[in-house]
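Undergrad: missing the sequence, but the structure's below:
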């Protein structure tokens, strides 16, 4: 029974709950960023340059090189013939990573700018302490006499 209570205490700590919420929000945020990259940014990159390198490969065997010479063009067909060095998928994923990282960088930069503007707004002056108010009242009373 003690181990169940310890586990309950562990799970109900603020840090564990905060971490769970962070992971859930992070997953949702990841989907937003992935959608922004795939649906909004990549079409423009695709117009400028062929951004899908996933079909690039180098056959590693003589049979693979002969198959390419005889008309095998897709990566799936080349893998059937023999091992291939499929570097294109890595390039595509790396390019996606760079675009995602840049988008996150720009988002954080915008959020920081908004946060600085919020901090830059002057705060309303705080009321004077009670001692100062009392001293001013005494001063004003002495002036009247």
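TA: Arrived safely, thanks for sending. These numbers come from a predicted model, not from an experiment. Numbers count the residues shown, from 1 in each chain.
Undergrad: C-terminal to the lengthiest helix in the chain, what's the next element?
TA: Within the chain, and with DSSP state H defining each element, the longest helix by residue count is helix 87-120. Of the helices and strands lying after helix 87-120 in sequence (DSSP states H and E), the nearest is helix 130-144.
Undergrad: Against which helices or strands is the longest helix of the chain packed?
TA: Using 3 or more CB pairs under 8 Å, 6 or more residues apart in numbering; DSSP states H and E as the contact criterion, the neighbours of helix 87-120 among helices and strands are helix 14-35, helix 42-48. C-beta coordinates here come from the backbone N, C-alpha and C atoms, glycine included.
Undergrad: Outline the domain layout of this protein.
TA: For the chain, automatic domain parsing gives the domain ranges 1-48, 52-145.
Undergrad: Now render these as CSV, adding mean neighbour count and mean pLDDT.
TA: Putting the domains of the chain into CSV (neighbours: other CB atoms under 10 Å; pLDDT from 0 to 100) gives the following:
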stretch, mean neighbour count, mean pLDDT
domain 1-48, 11, 80
domain 52-145, 12, 82
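Undergrad: Geometric centre of this structure: which residue is closest?
TA: Most central residue of the chain, judged by C-alpha distance to the mean C-alpha position with CA atoms, centre = their mean, is residue 104 at 5.0 Å.
Undergrad: correct me, but that residue touches residue 33?
TA: Yes: applying CB atoms under 8 Å, one finds residue 104 in contact with residue 33, separated by 6.4 Å.
Undergrad: ok, the residue nearest to the centre of the chain - contacts?
TA: Residues counted as contacts of residue 104 (CB atoms under 8 Å, 6 or more residues apart in numbering) are residue 33.
Undergrad: Could you measure from it over to residue 113?
TA: According to CB to CB, to the nearest Å, residue 104 stands 15 Å off from residue 113.
Undergrad: do residue 20 as well
TA: Summarising the geometry, the distance separating residue 20 from residue 113, computed by CB to CB, is 30 Å.
Undergrad: Residue 124 too?
TA: Applying CB to CB, one obtains 24 Å for the distance of residue 124 from residue 113.
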